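Novice: return a 3D structure for these sequence lines:
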Amino acid sequence: MTSGVAMSEAKSSPDSQASGVAMSEAKSSPKERASEPLGFVTVDDGQGGTVMRPVPASQIPQKRKRSAAAVQREIIRANPDSAAQELRGFVERLERLHDEKQAIADDIKTVLGEAKGSGFDSKAINTILRIRAQDRLDRQESEAILETYKTALGIE
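Specialist: Predicted structure coming up:
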């Protein structure tokens, strides 16, 4: 009865890779089987214990990788109350941030409307905000590039 699996670090022979046939199905000579990589399985020894027994690596079942979502589900199943509370905390924080973001967007829209009502151009104000947010050297570099392009195209 197999209760665990371990693999040794060894390479398979080039012949077995090139043939495209699984090593356990290939009919090979004893010499070729000796070069096949070995793995170890844990089996019952019949006396209540276990023994590690070498077997061809091709006969050891491969473990499938678990996705991140599967790992998360396992964590939640193992500790449902604390995981649910933690998740609820994240969701509530994100909801508050989205509400604050929407409130700020509404405030910006109101201030731009007031400026427009006073006769100012909202596009120009947004451009000024973008320029003021840039680092001085970055702004100068962007302006120099823009002037070079305008000159090349005959604008101004």
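
Novice: can you show me the CA trace of stretch 137-156 as CSV?
Specialist: Extracted in CSV, the C-alpha atoms of stretch 137-156 (Å, rounded to 0.1, in the frame of the first residue of the first chain):
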residue,chain,number,x,y,z
LEU,A,137,13.4,68.8,-14.7
ASP,A,138,10.8,66.4,-16.2
ARG,A,139,8.6,69.3,-17.2
GLN,A,140,11.5,71.1,-18.8
GLU,A,141,12.5,68.0,-20.8
SER,A,142,8.9,67.5,-22.0
GLU,A,143,8.6,71.2,-23.0
ALA,A,144,12.0,70.9,-24.9
ILE,A,145,10.8,67.8,-26.8
LEU,A,146,7.5,69.5,-27.6
GLU,A,147,9.2,72.6,-29.0
THR,A,148,11.5,70.3,-31.1
TYR,A,149,8.5,68.5,-32.6
LYS,A,150,6.6,71.8,-33.2
THR,A,151,9.7,73.2,-35.0
ALA,A,152,10.1,70.1,-37.1
LEU,A,153,6.4,70.2,-38.2
GLY,A,154,6.5,74.0,-38.8
ILE,A,155,4.1,74.8,-36.1
GLU,A,156,4.9,78.3,-34.7
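
Novice: now for residue 148, how many residues are close by?
Specialist: 10 (other Cβ atoms under 10 Å). Every residue, glycine included, has its C-beta placed from N, CA and C.

Novice: and residue 57, by the same measure?
Specialist: 19.

Novice: may I have the phi/psi pair for it?
Specialist: Here is the backbone geometry of residue 57 (degrees, to the nearest 10): phi -60, psi -30.

Novice: starting at the chain centroid, how far to the longest helix that the chain contains?
Specialist: Determined from DSSP state H, the single longest helix within the chain is helix 80-117. Distance of helix 80-117 from its chain centroid, counting by Cα atoms, centre = their mean, to the nearest Å, is 26 Å.
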